[in-house]
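J.: Sequence plus the predicted model coming up.
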Amino acid sequence: MRQQRAIAITIFLVCLLNFPIFSLFNKAAFIFGMPLIYVYVFCVWTIGIIIIALIAESKNVEDINEHE
């Protein structure tokens, strides 16, 4: 189950960093002195790392039963 969630999140992140959505943030706008596209990429990347870490550290009842 954990592997399926990780694969689904990875596919979702690839979609978020693909051209059609990526081009929505390619504007001449600045947030905290950084271009909007950089802020978008780093936010998506950071959120992806956090979600994958939570999935990797989660303890499922199914996983515990497999090891016993």
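T.: Ah, there it is. Every value quoted in this text rests on a predicted model; they were computed, and no experiment measured them.

J.: Would you point out which residue is most central in this protein?
T.: Gly48 (2.2 Å; Cα atoms, centre = their mean).

J.: in a helix, that's where that one is, yeah?
T.: Yes - under DSSP: H, G, I helix; E, B strand; the rest coil, Gly48 falls within a helix.

J.: sec struct for the closest residue to it other than its chain neighbours, please.
T.: Spatial nearest neighbour of Gly48, excluding adjacent residues (Cβ to Cβ, 6 or more residues apart in numbering): Leu13 at 4.5 Å. No exception for glycine: its C-beta is placed from N, CA and C like everyone else's. Following three-state DSSP, we place Leu13 in the helix state.

J.: can you check Ala28 too?
T.: Three-state call for Ala28 (three-state DSSP): coil.

J.: ok, now how distant is it from Val39?
T.: Distance of Ala28 to Val39, given as Cβ to Cβ, to the nearest Å: 13 Å.
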